[in-house]
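Enquirer: Structure for this input, please:
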Amino acid sequence: MPPVPVRPGIYKIHAHIIGPSALVTATEHAVKYGAPVITDRQNPLPIEQDWIIEPSESIPGAPYVIHLAHHEGAGLVVQEDKLWVNAVPRAEWAKFMFEGVIGGVKILTEKHLAFRSNHRGAQITLVEPKPEFQETFTLEFVSPLNED
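Expert: You can find the predicted model right below:
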């Protein structure tokens, strides 16, 4: 399928997993490649669950980067087929595309690996895409960029 364009802005990224609603969440403690990115229940404070999605460069059709909205220097990186957030230079952030699927979107890396959330609390892994609900996400638009 062709990539789906995404309006630049601040989003909550909902995982489609069994159980209570779960959001893509940056954990608090960094380890080997940064802080693991997991799915978790909605937190009262959005600092770990609000994400900015924006084009990686200002040309039509460019892939997107995703970074924390309240810590703009911390972007998503991929190491060992897992998702991490780390305050590294923007050039080191992973780039993503979005593909429309039944019920939401599939988030794909440039290597065409899909985000997968196996259960609440698990680190998001990157896998060969399959038509499974654990690889489906909903982007909840919170606000445009540069607005509080």
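
Enquirer: From here on, just use CA atoms for contacts and neighbour counts.
Expert: OK.

Enquirer: excluding its backbone neighbours, what's nearest residue 61?
Expert: Nearest residue to residue 61 in three dimensions, chain neighbours excluded: residue 5, at 7.9 Å (Cα to Cα, 6 or more residues apart in numbering).

Enquirer: So what's the residue count around the one you found?
Expert: When counting by other Cα atoms under 10 Å, one arrives at 16 neighbours for residue 5.

Enquirer: mind checking the SS state of it?
Expert: The three-state label given to residue 5 by DSSP: H, G, I helix; E, B strand; the rest coil is coil.

Enquirer: Surely it touches residue 105?
Expert: No - assessed by Cα atoms under 8 Å, residue 5 is found out of contact with residue 105, at 10.9 Å.

Enquirer: what is in contact with the two at once?
Expert: Common contacts of residue 5 and residue 105, defined by Cα atoms under 8 Å, 6 or more residues apart in numbering, comprise residue 98.

Enquirer: returning to what we had before: gap between the residue nearest to residue 61 and residue 97?
Expert: Per Cα to Cα, to the nearest Å, residue 5 is found 8 Å from residue 97.

Enquirer: give me the low-pLDDT residue ranges for this structure?
Expert: In the predicted model, the chain carries pLDDT under 70 at residues 1, 19, 147-148.

Enquirer: For stretch 10-24, which residues meet the burial criterion?
Expert: If you call a residue buried by 16 or more other Cα atoms under 10 Å, then stretch 10-24 has these buried ones: 10, 11, 12, 13, 14, 15, 16, 17, 22, 23, 24.
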